[in-house]
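> I'll drop the sequence and a predicted model, then ask my questions.
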Amino acid sequence: MKINRLKIKSKHLNSRMLLYYLSVIVIFAFLLAGVISMIYTMQWKKEMSQVVLQKMDLIENYANKQIGEVRNIHETMLENSKIQNFMNAVKAGEETSADREDVFQWMQQYKEKNANIISCLLINNQGRILDTRSENSIYVGLIEGNEYYSEAVSSKRMSYFSVPATFPLQKTNPTYEDKNTVTYYGRYYDNENYETTGYLILNWKKSGLFDHINEVCGSTFEHAFILNDMGKIVYQYDEIPEQVYKSIADKKNRGDGTKDVVLLGDRYLLCYRTIDDYPDWKFYGLISYEKMETPLRKVYVTLVFITLGMLLLVAWISFGIADGITKPIYHILKAMKQMGRGEFPEPVKVTSEDEMRELASGFNAMVYNIHDLQEKIIQDQNKQKETEVSMIKSKLDLLQSQINPHFIHNTLNTMKYMAQIEGNDKLVQTIIAFNTLLRSSMNTGKEFITVSEEIDNINHYLDIQKQRYDAEVRVECFVFDDVDLALIPKLILQPLVENSLFHGIVPKGKGTIKIIFRKEGSKLSISVSDDGVGIASKKQEHILEEKENSQRGYNNIGLTNVNERLNLYYGKESKLLILSSAEYGTFISFRIPFEE
């Protein structure tokens with residue numbers, strides 16, 4: 001039964017290790033597939049964007065070229081002196097039939113030179129066609145009630161294009177394919193005073209404007225079209241549902257660019273660009289995401305098959321590795337169970353030259369050393385008892401040592417009483433100051449005191465020192481921003497005041513010590529300065545490295561100790577800043593967190 005249980009557990013551990021290996025490989029495989037997919041997608045999108053950009057450039061350049069060709073004919077007619085003189089005569093009402101026939105011979109020549117021109121007409125400022133042969137209703141419809149002619153006249157623009165129409169045919173409800181003519185309205189003006197003398201109308205073949213654009217769009221865009229400033233279709237590639245281009249026109253896409261859109265439930269990449277030479281026209285191209293993502297799907301499928309193949313290979317390898325690792329472990333586990341029953345097992349043998357051999361050797365050594373460990377435990381227990389006794393004795397010594405401070409306070413109170421009887425007020429005040437300072441110093445249960453309490457301690461300390469020295473010492477305390485109740489470490493300023501007194505004021509014979517407290521943001525800034533003799537420059541460099549900077553104070557704490565206390569409580573950012581010179585004295589400051 002024991003052997004069967006061992007086999008079952010061995011299989012379970014093998015399965016867990018196999019799962020661990022597979023989990024790691026699966027995660028790695030998916031991460032790798034994700035990275036490869038992301039890199040491929042980014043590169044593919046980058047290349048696709050470059051292709052789209054190139055196609056947009058081609059479309060814009062061709063449109064600019066065709067628009068430029070129409071405008072060149074317009075400019076040529078403006079520079080034709082015979083047409084110029086004729087239009088001026090029309091404006092003045094002085095034209096003759098001979099001049100008119102001559103001008104329209106020129107117009108016919110322009111038409112014959114360019115196969116894209118269907119017809120060209122001149123009209124005066126009143127909208128009357130100046131060729132009696134073109135006064136039928138077909139030509140009149142290009143002027144009367146025509147919104148594009150009205151826009152060209154009212155805006156006083158040099159040129160204006162209409163949307164495609166069926167001219168010269170007339171059809172009811174024509175499709176885009178039925179509309180083969182784009183009408184160009186050009187302003188005609190006097191070259192001398194630039195006054196408008198009439199208008200030129202060119203009926204241009206739609207194919208002449210857009211055929212080359214068809215070739216470019218066919219290989220890239222699923223749908224493509226050009227809208228004018230009124231939101232009407234000037235050009236389209238492939239039939240476009242009306243709600244599609246109206247939806248895009250309503251969004252009023254400014255400038256040039258690309259963006260994602262959803263049209264009729266399908267996602268598209270919308271590319272749009274304004275035609276430079278005619279800003280009223282904007283080109284729109286739609287690329288279906290479903291079509292774009294087809295190459296990506298093939299990559300994803302390939303990656304999935306590669307990942308599955310890797311998983312099968314890893315599963316087979318992992319099972320063999322797991323079995324080789326777990327067998328020695330279960331031999332050690334069997335030996336540990338024997339030890340649990342109080343039996344000493346046979347040494348575990350491992351044939352492999354790896355960490356498992358070291359583990360088995362360590363286990364065998366552990367078995368042989370158990371008795372020694374038991375003896376050491378007994379010895380440690382005895383030592384622990386001795387340590388506890390020693391700690392109890394130390395506590396008794398500590399309680400006994402507390403008798404001395406109480407004895408000192410009682411003795412000082414007796415001395416104060418005797419001085420009062422003798423009438424020595426200075427001695428009484430000195431004893432009171434020393435007793436108060438001593439109590440504050442020995443109060444071990446209170447590490448932080450308020451600014452007001454620290455100022456009282458400094459005053460008591462200076463009362464004592466003034467009785468000892470004849471130097472004229474004036475102390476000025478400035479407390480700004482209502483920081484009286486801010487907490488600071490107990491007796492943190494006494495060594496700084498002591499330094500100013502003994503090393504600055506006493507050698508000079510007189511002086512002033514200034515102590516300033518102020519709040520700076522979330523910090524409490526404290527400074528102690530004097531106008532004494534200052535600190536020598538060589539000593540300043542190593543002043544905080546001296547372990548016993550001052551040996552004259554009542555509690556023997558130096559600047560180094562203060563710096564170490566600040567570092568202990570608040571970190572290095574609160575260290576002492578010391579500035580000193582023989583001319584101005586010494587300035588010491590530090591900043592700590594503001595707490596009340």
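Structure received. Since we're looking at a predicted model, the values are computed, not measured.

> Where does the prediction get shaky in the stretch 401-550 of the chain?
Along the stretch 401-550 of the chain, the model assigns pLDDT under 70 to residues 401-429, 431-445, 470, 545-550.

> could you pull out the strands for it?
448-450, 472-479, 487-489, 510-520, 523-530 (DSSP state E, counting those that start in this stretch).

> Return the most buried member of those strands.
Between the strands of the stretch 401-550 of the chain, strand 523-530 has the highest mean count of neighbours, a mean of 21, where neighbours are mean count of other CB atoms under 10 Å. C-betas here are computed from N, CA, C, even on glycine.

> helices and strands around it, which ones?
Using 3 or more CB pairs under 8 Å, 6 or more residues apart in numbering; DSSP states H and E as the contact criterion, the neighbours of strand 523-530 among helices and strands are helix 494-500, strand 510-520, strand 585-593.

> For stretch 515-527, measure first residue to last.
6 Å (CA to CA, to the nearest Å).

> Output the strands of the stretch 401-550 of the chain in CSV, with distance to E564 appended to each entry.
Converted to CSV, the strands of the stretch 401-550 of the chain look like this (distance: least, CB to CB, whole Å):
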stretch, distance to E564
strand 448-450, 17
strand 472-479, 25
strand 487-489, 11
strand 510-520, 21
strand 523-530, 17
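
> if we can go back for a sec, pipe the helices and strands packed on strand 523-530 into CSV and attach distance to E453 per row.
Compiled in CSV, the helices and strands packed on strand 523-530 are given as follows (distance: least, CB to CB, whole Å):
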stretch, distance to E453
helix 494-500, 12
strand 510-520, 12
strand 585-593, 16
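
> what's the closest of these to F283?
Closest approach to F283 among the helices and strands packed on strand 523-530 is made by strand 510-520 (62.2 Å; CB to CB).

> Contacts for that closest one, please.
Contacts with strand 510-520, where a contact means CB atoms under 8 Å, 6 or more residues apart in numbering, come from 451, 455, 458, 471-481, 483, 486, 493, 497, 500-501, 504-505, 524-532, 585, 591, 594.

> and that strand, which strands flank it?
Strands that pair with strand 510-520, judged by DSSP bridges, come out as strand 472-479 (parallel), strand 523-530 (antiparallel).

> do you know which of these lies nearest M339?
Comparing the strands paired with strand 510-520 against M339 with CB to CB, the closest turns out to be strand 523-530 (61.7 Å).

> rewinding a little: among the helices and strands packed on strand 523-530, which is nearest D190?
Using CB to CB, those put strand 510-520 closest to D190, at 78.3 Å.

> relative to strand 585-593, how tilted is the closest one?
Direction vectors for strand 510-520 and strand 585-593, defined by axes from the mean of the first three to the mean of the last three CA atoms, to 10 degrees, enclose an angle of 20 degrees.

> centre of the chain versus strand 510-520, how much separation?
Taking CA atoms, centre = their mean, to the nearest Å, one finds the center of strand 510-520 at 45 Å from the center of the full chain.

> show me where the stretch 1-150 of the chain has strands.
Chain-ordered strands for the stretch 1-150 of the chain, with DSSP E, counting those that start in this stretch as the definition, fall at 117-123.

> Out of the strands paired with strand 510-520, which is closest to G145?
Across the strands paired with strand 510-520, the minimum distance to G145, taken as CB to CB, is reached by strand 523-530, at 81.2 Å.

> Output the longest helix belonging to the chain.
Ordering each helix of the chain by length in residues (DSSP state H) puts helix 2-79 first.

> Quick check: which helices or strands does that one pack against?
helix 97-113, strand 159-161, strand 181-189, strand 196-205, helix 206-218, strand 266-274, strand 282-288, helix 294-340.

> Could I get those in a markdown table, plus columns for mean pLDDT?
Supplementary listing: the helices and strands packed on helix 2-79 in a markdown table, determined by pLDDT from 0 to 100:
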| stretch | mean pLDDT |
| --- | --- |
| helix 97-113 | 84 |
| strand 159-161 | 92 |
| strand 181-189 | 93 |
| strand 196-205 | 92 |
| helix 206-218 | 87 |
| strand 266-274 | 87 |
| strand 282-288 | 88 |
| helix 294-340 | 73 |
